[in-house]
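Q: What shape does this take:
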Amino acid sequence: MNRIVVGVSGAATSYPAIAWAAEFASPSHTPVELVHVVDITWGLPAPDFIAEALLRAEDELRGEVEKARAAHPAVPITSHTACGSPVGELVARGEGADLIVVGAHPKRHRGRAGSKPVRIAGLASCSVVVVPAEVRSTASGVVVGVDGSSDSAAAVAFGAAMADRYGETLTVVHAWDDPEPWGMVEPLLIPTEPADEDKIVLAEAIAGLATMYPDLEIVSEVISSPAVGALSSAGVGARMVVVGSRGRHGLAKALLGSVSEELVAVLPCPVAVIRP
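A: Sure thing, here's the model as predicted:
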C-alpha cells in the first residue's frame with residue numbers, strides 16, 4: 001500500500017479512526033496522513049478567523065501525530081490542514097491513496113445520504129473505512145457481504161486478508177430475501193428457499209480462498225433476510241464488515257450502493273467500503 005488518509009475533525013470520533021489506521025498500517029509501514037479541514041461551506045469567514053483556525057488545527061494535529069507515532073513508531077505519520085468543504089477536500093486528498101479512514105457516530109448519522117461518512121464513501125475514488133466512535137476491544141472475525149459483483153469480489157479479497165492477518169474467522173454472507181408479492185401473483189410461484197443461483201454466487205465468492213489462506217477458517221452462509229439486516233446482525237461483535245461500493249443490481253451512475261450506504265449509516269462495527 002502507498003498511503004492511508006485519515007479525516008480528523010477534532011471530535012472524539014476521530015480518535016478511533018486514527019488508531020485504526022495506524023494499527024492497520026503498522027505491518028507494512030504504510031504512510032498515514034492525518035487531514036483536518038476547516039469548514040467554510042457555511043460562508044466565507046474573515047481571513048483572520050481562517051488563519052487562527054488553521055494554526056489551531058495544526059497544533060492539534062501535531063499532538064495526534066505524536067500520540068500515533070508513540071503507539072506505532074514504525075509507521076510514517078504526517079499531517080495536513082486545509083480549508084473548504086470537509087467532504088470535497090478529503091476526497092481530493094484521497095486521490096491516489098489506498099484508503100480513506102473516517103470516524104463517525106452511528107446515532108448522529110442516521111440521515112444516510114446527508115452524512116459526511118456516507119458522502120465520502122460515495123465520492124472517493126479509493127476504498128473507505130468508517131470507524132464508529134466505540135470499537136469493542138473483544139471484537140473478532142471479519143464479515144463480508146457478496147452478491148456476485150466485481151465490487152463484492154474485491155471485498156472478499158480485502159476481508160480474507162484481514163481475517164488471515166488476525167487469525168480470525170472469515171464469514172462470507174449472501175443475503176437472499178423472499179420477493180414481496182405485488183399485484184396478481186400466484187403464491188405457489190413465490191420462492192420459499194434460496195435458488196441454485198444464490199448458492200453458486202456464494203461458492204464462486206470463496207473459490208480459491210482455502211488455497212491462498214490454508215489456515216483461514218471460512219464460514220459461508222446464504223441468509224434469508226434483506227442484506228442490510230443480515231450484515232448488521234452478523235457484524236455485531238465483529239472486527240469489521242466489508243462490502244463492495246456498488247452491488248450487482250446498482251445503477252452504474254450510482255455513487256454508492258444502497259446496502260453499503262445503509263451500513264455506513266448504521267455502523268454495527270468498522271465498515272469497509274471497497275472499490276475494485
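
Q: measure the closest residue to Ser224 other than its chain neighbours to Gly235 for me?
A: Closest residue to Ser224 in three dimensions, ignoring its sequence neighbours and counting by Cβ to Cβ, 6 or more residues apart in numbering: Trp176, at 5.5 Å. Where C-beta positions appear, they are placed from N, C-alpha and C, glycine not excepted. Note on Trp176: its distance to Gly235, by Cβ to Cβ, to the nearest Å, is 18 Å.

Q: Give me the more crowded residue out of the two.
A: Gly235 (26 against 22; other Cβ atoms under 10 Å).

Q: Nearest residue to the more buried one in space, please, no chain neighbours.
A: Using Cβ to Cβ, 6+ apart, the nearest residue to Gly235 is Pro268, at 3.6 Å.

Q: What are the phi and psi values at that neighbour?
A: For Pro268, the backbone dihedrals are phi -70, psi -20 (criterion: degrees, to the nearest 10).

Q: next one: Val87
A: Val87 adopts backbone torsions of phi -70, psi -50, taken as degrees, to the nearest 10.

Q: what residues are up against it?
A: 116, 119-120, 123 (Cβ atoms under 8 Å, 6 or more residues apart in numbering).

Q: ranking those by neighbours, who comes first?
A: Ile120 (25 neighbours).

Q: if I pick that residue, what's in contact with it?
A: With Cβ under 8 Å, 6+ apart, Ile120 has these contacts: 7, 87, 90-91, 100, 102, 128.

Q: redo that, cut-off 7 Å
A: 87, 90-91, 100, 102, 128 (Cβ atoms under 7 Å, 6 or more residues apart in numbering).

Q: That one is in what secondary structure piece?
A: Using DSSP states H and E, Ile120 falls within helix 116-123.

Q: who touches whatever helix or strand comes next after that helix?
A: Scanning forward in sequence from helix 116-123 by DSSP H and E, the next helix or strand is strand 127-132. With contact meaning Cβ under 7 Å, 6+ apart, strand 127-132 is reached by 16-17, 20, 99-106, 117, 120-121, 264, 267, 269-275.

Q: to the chain's geometric centre, what's the distance from strand 127-132?
A: On the basis of Cα atoms, centre = their mean, to the nearest Å, strand 127-132 sits 3 Å off its chain's mean C-alpha point.

Q: and what of stretch 116-135?
A: With Cα atoms, centre = their mean, you get 5 Å for stretch 116-135.

Q: Buried residues in it, which are they?
A: By 16 or more other Cβ atoms under 10 Å, the buried positions in stretch 116-135 come out as 116-124, 126-133, 135.

Q: what's Val142 sitting at in phi/psi?
A: Backbone torsions for Val142, taken as degrees, to the nearest 10, come to phi -120, psi 130.

Q: what number of residues lie near Arg136?
A: 12.

Q: Likewise for Gly237?
A: Under the neighbour criterion other Cβ under 10 Å, Gly237 is assigned a count of 13.

Q: That one: which element?
A: According to DSSP H and E, Gly237 maps onto no helix or strand at all.

Q: which non-adjacent residue is nearest it?
A: Ala139 (6.1 Å).

Q: got it, and Ile218?
A: Of all residues not flanking Ile218 in the chain, Leu170 sits nearest, at 5.1 Å (Cβ to Cβ, 6+ apart).

Q: quick one: that neighbour and Val146 touch, right?
A: No - between Leu170 and Val146 there is no contact under Cβ atoms under 7 Å: 11.4 Å.

Q: Neighbour count: those two, which is higher?
A: Counted by other Cβ under 10 Å, Leu170 and Val146 do not tie: Val146 has more neighbours, with 27 against 24.
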